[in-house]
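sequence-free structure coming up:
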């Protein structure tokens, strides 16, 4: 009788094989962490979006300050340099002195010329006085001749009567007539002398005016010489710090040659170059947060003081001309001046420092 073989159970592991494990269940903590991460990322993205709508930022910004170039207005050898690099100075402090010998000599010469011109004025005024005295003398002569003529005219009348009566000789009568003519001639001469003396007064007065003009010219020359002499001492135009010193004693300098720079320590500000597409809602007076690279853990607060009337490209040495050649549109940047509300002495800002500017436009 045939025997039937029962089918082997497929779930029974074969001899020598490991038993099958049940499938693992996923840990719900993974889903929780993933959900938290997604929520945090979404919240961060939303906050950044809301922040971007209300603020405009740029890292194309730097600290600016007044930098005074110290330039001599006259040339000559340097006598003394009284400052060093990075030295703090106050307004009026002497920085550099040039040799004043040549300029002092010019002052002395100008003073001598002024004294000579003033002496010419005195001499010209004396000539005016002399001319006026001559006028008075001529007028006195006229008075004397008038008196003599009146007397001689009376004598001539008497002599005419006496001559008709044959009381006096003809020679006496002729002598009286001659004296009268001579006196009349003297009167005419005295009148001419008065006119000449009056002309001399006018000439002398003009000479006084000319001499006074020369005095003014010599005074101007002296003032100019003294001014040139004062230029041999270079002083600080304001409070600041000496930078980029490029002068030594004995060096011969020329007018306009920069000897050193003086960085003002009174006030600094920020120039931020925003794109023109960022200026739609930007206005004067809006609050600004300034982040300085040198002080990463400090925040500075300021406000927009002004916006430039032109883009930065307009002030370039070679401004672009979009009307020539192939035109490529480039987003322009406009300088915006930002002033800090408070200075921090513990964290001083120095000209040229890089900053990030964040303007609250809404």
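Thanks, I have the structure now. No experiment lies behind these values; they were computed from the predicted model shown.

Assign residue 352 to helix, strand or coil.
For residue 352, the assignment made with DSSP: H, G, I helix; E, B strand; the rest coil gives coil.

Contact partners for it?
62, 63 (C-beta atoms under 8 Å, 6 or more residues apart in numbering). Quick note: C-beta positions are derived from backbone N, CA and C, even for glycine.

Now it: phi and psi?
phi 100, psi -10 (degrees, to the nearest 10).

Next one: it relative to residue 71, how far apart?
21 Å (C-beta to C-beta, to the nearest Å).

and if you look at residue 290?
Residue 290 is 33 Å from residue 71, by C-beta to C-beta.

More neighbours: which of these two?
Under the criterion of other C-beta atoms under 10 Å, the comparison of residue 290 against residue 71 puts residue 290 first, with 22 against 14.

I figured the more buried one was touching residue 270, is that so?
Yes: contact criterion C-beta atoms under 8 Å: residue 290 and residue 270 qualify, at 5.9 Å.

Return every residue with contacts to both of these two.
With C-beta under 8 Å, 6+ apart, residue 290 and residue 270 have common neighbours 302, 338, 340, 355, 357.

With distance to residue 54, neighbour count and secondary structure added, can I get those in a markdown table?
Output for the shared contacts of residue 290 and residue 270, formatted as a markdown table (distance: C-beta to C-beta, whole Å; neighbours: other C-beta atoms under 10 Å; DSSP: H, G, I helix; E, B strand; the rest coil):
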| residue | distance to residue 54 | neighbour count | secondary structure |
| --- | --- | --- | --- |
| 302 | 17 | 20 | strand |
| 338 | 17 | 24 | strand |
| 340 | 21 | 18 | strand |
| 355 | 20 | 22 | strand |
| 357 | 15 | 25 | strand |
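
What is the nearest of those to residue 239?
residue 340 (18.0 Å; C-beta to C-beta).

Excluding chain neighbours, what is closest to the closest one?
Leaving aside its sequence neighbours, residue 340 sits nearest to residue 302 (C-beta to C-beta, 6 or more residues apart in numbering; 4.2 Å).

can you pull the pLDDT of the one you found?
In this model, residue 302 is scored at 93, pLDDT.

now do residue 138
Residue 138 carries a pLDDT value of 68.

where does the stretch 151-300 of the chain have low pLDDT?
151-194 (pLDDT under 70).

Now do the helices in it.
Remark: helices assigned in the stretch 151-300 of the chain by DSSP state H, counting those that start in this stretch are 170-230.

on that earlier part again, kindly reformat the shared contacts of residue 290 and residue 270 as TSV and extend each row with distance to residue 246.
Listed next are the shared contacts of residue 290 and residue 270 as TSV, based on distance: C-beta to C-beta, whole Å:
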residue	distance to residue 246
302	34
338	32
340	31
355	29
357	33
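
which of those lies closest to residue 110?
residue 340 (50.4 Å).

Tell me which stretches of the chain form strands.
Along the chain, counting by DSSP state E, strands occupy 55-70, 76-81, 88-89, 94-98, 233-235, 240-243, 252-253, 260-275, 287-292, 299-307, 333-340, 354-360.

Identify whichever of these lies nearest to residue 318.
Comparing those by C-beta to C-beta, strand 333-340 comes nearest, at 16.8 Å.

Counting neighbours, show which residues of the closest one come out buried.
333, 334, 335, 336, 337, 338, 340 (16 or more other C-beta atoms under 10 Å).

do the same with stretch 261-275
261, 262, 263, 264, 265, 268, 269, 270, 271, 272, 273, 274.

go on, stretch 234-250?
234, 236, 240, 241, 242, 245, 247.

List the contacts of the residue lying closest to the first one once chain neighbours are set aside.
To tie it back to what came earlier, the one meant is residue 234. Spatially, and ignoring its direct neighbours in sequence, residue 234 is nearest to residue 96 (4.4 Å; C-beta to C-beta, 6+ apart). By C-beta under 8 Å, 6+ apart, the residues touching residue 96 are 70, 72, 78, 80, 81, 82, 83, 233, 234, 247, 259, 260.

Select only the buried ones of these in ChimeraX?
This is the ChimeraX syntax for the buried subset of the contacts of residue 96, where burial follows 16+ other C-beta under 10 Å:
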select :70,72,78,81,83,234,247,259,260
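
now the contacts of residue 96 in TSV, with distance to residue 308?
Listed next are the contacts of residue 96 as TSV, based on distance: C-beta to C-beta, whole Å:
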residue	distance to residue 308
70	28
72	33
78	40
80	42
81	38
82	39
83	35
233	38
234	33
247	35
259	32
260	30
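
quick check, nearest of the contacts of residue 96 to residue 130?
For the contacts of residue 96, the closest approach to residue 130 (C-beta to C-beta) belongs to residue 233, at 48.1 Å.

so the closest one bridges to which residues?
residue 97 (DSSP bridges).

That one: what's it in contact with?
Here residue 233 is in contact with 94, 96, 97, 98 (C-beta under 8 Å, 6+ apart).
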